[in-house]
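>>> How does the following fold in three dimensions:
(one chain, ligands or ions: 2)
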Amino acid sequence: MTTTATSTPAFPGGTILGYPRIGRRRELKRALEAHWRGAIDDAAFHEAARANRLADLRRLVALGLRADDASIPVEGAHYDHVLDATLTFGAVPARLRGRLPEGLAGEWLLARGDGDDVPLEMTKWLDSNYHYLVPELDADSTFALADSRIVDRFGEAGEAGVHARPVVVGPATYLALAKGTGIRPLDLAERLLPAYAELAAALAAAGATWIQLDEPALIADHDDATLTELQAIARAGADAARAAGLRVLLHVGHGDAAGRVEPLADAVDAIAVDLVRGTAPDVAAAQLVAGVVHGRNVWRTDLDAALQALRALAERGPVSVGTSTTLLHVPHDLAAEQALEPRLRSWLAFADQKVEEVAALAAALRGDEVDESAFAAARASIADRRAAPGVRDGGVRARLASLPADARSRIPYPERDALQRAALDLPPLPTTTIGSFPQTGDIRAARARNARGELNDAAYAEVLRAEVRRVVELQEELGLDVLVHGEPERNDMVQYFAEHLDGFAATEHGWVQSYGSRATRPSILWGDVSRAEPFTVEWIAFAQSLTDKHVKGMLTGPVTILAWSFVRDDQPLAETADQVALALADEIADLEAAGIRIVQVDEPALRELLPLRREARPAYLDWSVRAFRLATAAAAPETQIHTHLCYSEFNTVVDAIDGLDADVTSIEAARSSMEVVDALAEHGFSRGIGPGVYDIHSPRVPTRDELDELLATATRAIPERLLWVNPDCGLKTRGYAETVESLGNLVEAARRARADV
Ligand code: GLN
Ligand code: ZN
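Ligands and ions are numbered 1, 2, ... in the order given. All right, here's what the predicted structure looks like:
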């Protein structure tokens, strides 16, 4: 057996690259919201945030990370780690320069906006469901160490007895993720780098020995010139830290680092890479932090396989054990899930369990303290999972194996279109909404009381039916053409489906930060998926019974269900997506049987799961489109299938959108002045299209002129017979007052446009 015992590794034997920050019981979320409400003052907020950070540090030591050698990362953003970098380096957007308030008020202004001061834009962090605040840079942007939070948190950890490793977004990634007005953000590197040098000097003065520079941008898809430029900026950032006397851990994560980090090996002391989704780069000059424990999923690590991989790597050079990414994207602790079925629970590892896995692997790699029981337990769990009932369901598999040849195709669109026009009898420019209506405090309160057992199911259902009735009446009064039931019964568009399909489990405390104080509780897709009985039909049919207009059935698509769940890792995603698709096909058949003529299958996450690397995209787009088609193709040709996508920046997926073969596609467009419409027209898209004319992301009511203009733009590019009139997205987060007014304006605008054409 080979071990690294002869050469003491420069870097700790085991580490994680980051840890959840919202708190084991969402303490940080509560502190944020209390401060925003004015219920606690600045001092109380800072104390709550500090207590939360210290609790995490203590927990990490208790779980087996060393407290004295920079094994423990310290980051601990209040709202977002990219915002922390923006504040640290004083990168105030031009529009707020000179008037950004000090302290928390300024931080919240950037994060949440206030009146005319809009917040920084929010975008998803690489291929995750975490959203960061996009830095806004321009020709006058300057950078300097303007805020001491990163240094302070290092010091705070020290006081608690932990010699920690400060973490900061590296300069290449900071600039690559920024938005530039009149400049190319990467051109600001020379200005930005001295601020990193200042930060490094301050950290060194405070006693830090290591710094972690997160540079995941090195992994994304770039042309060669840009990649070289990013590498040079990352190198300069590392040089600045080393010049201050710090050692540098370069963390990339998020996919294959091979071919991306080798040129940086001599500039840094250690490199952390994702070995779950990627291969090991040859970086002999630096210590390799081998990310063998999955940072993005919740399944137990195959410790035997991981140790074998680590030992093989150790023959090439110094290796330590790491997670494949930060643990920010998984919940805190499985121990909190006492209601989870014990057998399923025994297959899982949340953040804390992953820390223990890292510690067990590090000990075994060192060749001492091998915790045989940890290895034996992992081995047993993996074997048990493979053989457990429900993981493989013969019926589901047989059905998928014997799909008819036409299982993914409908008759040609022109023929369907003729049948649907005859069957549906809709006016030109039909108006509709995307599905949800405002989720009022009353509905949420009723759901919470029902969950606590204070409101029985029948009474809860009565509350929901009353809401459906109200929403249907409102839509009739407003004069909308295709109605919805409003989705009041859904806590979340994925969780609701997970709760009603076999093969899924829900957690009680498995919260994962989505942005700021918002967290989602992804379901766990652990087994073969099927549907025991219809679960949306009752609601849609009830809504339909209240009106002569068409009510649209409302389903969440297979890709979105996968994207927003923790998905089994023992078979290709394509297979899992097809299983979900068949369950949805069953639901569509039951909706049709109940007399529903229009069904919408939402795929807002289609773009989100798109691989970062170009070469991986065709395969992804192929299986995701095929799954959608499997879900929808069995519908009768007269049944009109809608889909809804939540983004306007979709150039990379326009072929896929076309490939979905939906009869009507609604898409975000209001904020980007209908750009999407031209792109679709250019592509020759020739099925129904509803570019959102009302931006639901803001409480603003769109004016008559605005709507007329957006519709006019749309009609110039798209034949009127294909055009639908609808908002950008669901209305769930809006209030009723502005919704009623906005939809009223929308219906009026459609009527005026009809008169014109
Ligand atoms: N039907 C969903 C809703 O209206 C769609 C949500 C979404 O696109 N994210 O809420
Ligand atoms: Zn949407």
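>>> Could you use CA atoms for every contact and neighbour count after this?
OK.
>>> Now whatever residue of the chain ends up closest to ligand 1: phi and psi?
Here the residue of the chain nearest ligand 1 is G730; by Cα to the nearest ligand atom that distance is 3.0 Å. The phi/psi pair for G730 (degrees, to the nearest 10) reads phi -60, psi 160.
>>> What number of residues are in the vicinity of it?
Neighbour count of G730, defined by other Cα atoms under 10 Å: 20.
>>> just the one 10 residues further on next, same as before
Burial of V740 is recorded as 15 neighbouring residues (other Cα under 10 Å).
>>> Centre of the chain to the host helix or strand of it, how far?
Using DSSP states H and E, V740 maps to helix 736-756. Taking Cα atoms, centre = their mean, to the nearest Å, the mean C-alpha location of helix 736-756 is offset from the chain mean by 32 Å.
>>> what does it contact?
With contacts defined as Cα atoms under 8 Å, 6 or more residues apart in numbering, helix 736-756 is touched by 428-431, 438, 478-480, 693-694, 699-704, 707-708, 711-712, 725-726, 731.
>>> what's the helix or strand for the spatially most central residue of the chain?
Geometric centre of the chain, nearest residue: N129, 0.9 Å, by Cα atoms, centre = their mean. Counting by DSSP H and E, no helix or strand carries N129.
>>> One more: R470?
Short version: R470 belongs to helix 457-478, going by DSSP H and E.
>>> which strands and helices sit next to the following helix or strand past that helix?
The helix or strand immediately downstream of helix 457-478 is strand 482-483, counting by DSSP H and E. Contacts defined by 3 or more Cα pairs under 8 Å, 6 or more residues apart in numbering; DSSP states H and E place strand 482-483 against strand 550-556.
>>> Which strands or helices does the following helix or strand past the strand it packs on pack on?
With elements assigned by DSSP H and E, the helix or strand that comes after strand 550-556 is helix 558-563. Contacts defined by 3+ Cα pairs under 8 Å, 6+ apart place helix 558-563 against helix 573-593, helix 617-632.
>>> let's go with 6 Å and repeat that
Packing contacts for helix 558-563, counted by 3 or more Cα pairs under 6 Å, 6 or more residues apart in numbering; DSSP states H and E, involve helix 573-593.
>>> Check which residues of the helix it packs on are buried.
573-574, 576-592 (16 or more other Cα atoms under 10 Å).
>>> before we move on, what about stretch 410-426?
410, 416-417, 419-420, 424.
>>> can you tell me which of the residues you listed are in helices?
Applying DSSP state H to those, the entries found in helices are 416-417, 419-420, 424.
>>> quick check, nearest of those residues to L525?
R416 (34.6 Å; Cα to Cα).
>>> hmm, back to that, okay, the buried residues of stretch 410-426 in TSV with distance to G395 and pLDDT next?
Converted to TSV, these look like this (distance: Cα to Cα, whole Å; pLDDT from 0 to 100):
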residue	distance to G395	pLDDT
R410	25	98
R416	32	98
D417	35	98
L419	34	98
Q420	34	98
L424	36	98
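>>> ends of stretch 98-116, how far apart?
Using Cα to Cα, to the nearest Å, the end-to-end distance of stretch 98-116 comes to 16 Å.
>>> Residues in contact with the helix or strand A195 falls within: which ones?
Assessed by DSSP H and E, A195 sits inside helix 189-205. Contact partners of helix 189-205, identified using Cα atoms under 6 Å, 6 or more residues apart in numbering, comprise 143-145, 151, 240-241, 244.
>>> Give me the subset of those lying in helices.
Filtering the contacts of helix 189-205 for helices - DSSP H - leaves 151, 240-241.
>>> quick one: which of those residues has the most company?
Result: A241 is most packed of the ones in helices among the contacts of helix 189-205 (other Cα under 10 Å), 27 neighbours.
>>> how near is that residue to ligand 2?
The gap separating A241 from ligand 2 is 43 Å, by Cα to the ion, to the nearest Å.
>>> okay, now the residue lying closest to that residue once chain neighbours are set aside: neighbour count?
Using Cα to Cα, 6 or more residues apart in numbering and skipping the chain neighbours, the partner closest in space to A241 is A200 (5.1 Å). By other Cα under 10 Å, the residues close to A200 number 28.
>>> follow-up on the earlier one: quick one: buried ones out of the contacts of helix 736-756?
428-431, 438, 478-480, 693-694, 701-702, 707-708, 711, 725-726, 731.
>>> Which members of these are positioned in strands?
Assignment to strands by DSSP state E places none of those there.
>>> quick one on the thing from earlier: now the ones in helices among the buried residues of stretch 410-426 as a markdown table including distance to Q338?
Converted to a markdown table, these look like this (distance: Cα to Cα, whole Å):
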| residue | distance to Q338 |
| --- | --- |
| R416 | 50 |
| D417 | 51 |
| L419 | 53 |
| Q420 | 50 |
| L424 | 50 |
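>>> right, and the pair among these with maximum separation?
So for these, where distance means Cα to Cα, the most widely separated pair is R416 and L424, at 11.7 Å.
>>> what about the strands in the stretch 51-200 of the chain?
With DSSP state E, counting those that start in this stretch as the criterion, the stretch 51-200 of the chain has strands at 73-74, 122-124, 131-133, 136-138, 165-169, 179-181.
>>> Give me every residue in the chain lying close to ligand 1.
When proximity is defined by Cα under 6 Å from any ligand atom, the chain lies next to ligand 1 at 434-436, 602, 604, 646, 729-730, 732.
>>> Now narrow those residues to whatever sits close to ligand 2.
Restricting the residues of the chain next to ligand 1 to those near ligand 2 by Cα under 5 Å from the ion leaves 646, 729.
>>> Among the residues of the chain next to ligand 1, show me the least confident.
Lowest-confidence member of these: C646, scoring 85 (pLDDT).
>>> Ramachandran angles for that residue?
Per degrees, to the nearest 10, the backbone of C646 is at phi -100, psi 40.
>>> picking up where we left off before, in the contacts of helix 189-205, find the pair that's most separated.
Top of the distance list for the contacts of helix 189-205 (Cα to Cα): F143 and A244, 18.0 Å.
>>> Look up which residues are beta-bridged to V293.
Beta-bridge pairing for V293 (DSSP bridges): T323.
>>> Look at the one residue in the stretch 201-350 of the chain that gets nearest to ligand 2 and report its pLDDT.
Using Cα to the ion, the closest approach of the stretch 201-350 of the chain to ligand 2 is made by H329 at 22.2 Å. Reading off the confidence values, H329 has pLDDT 97.
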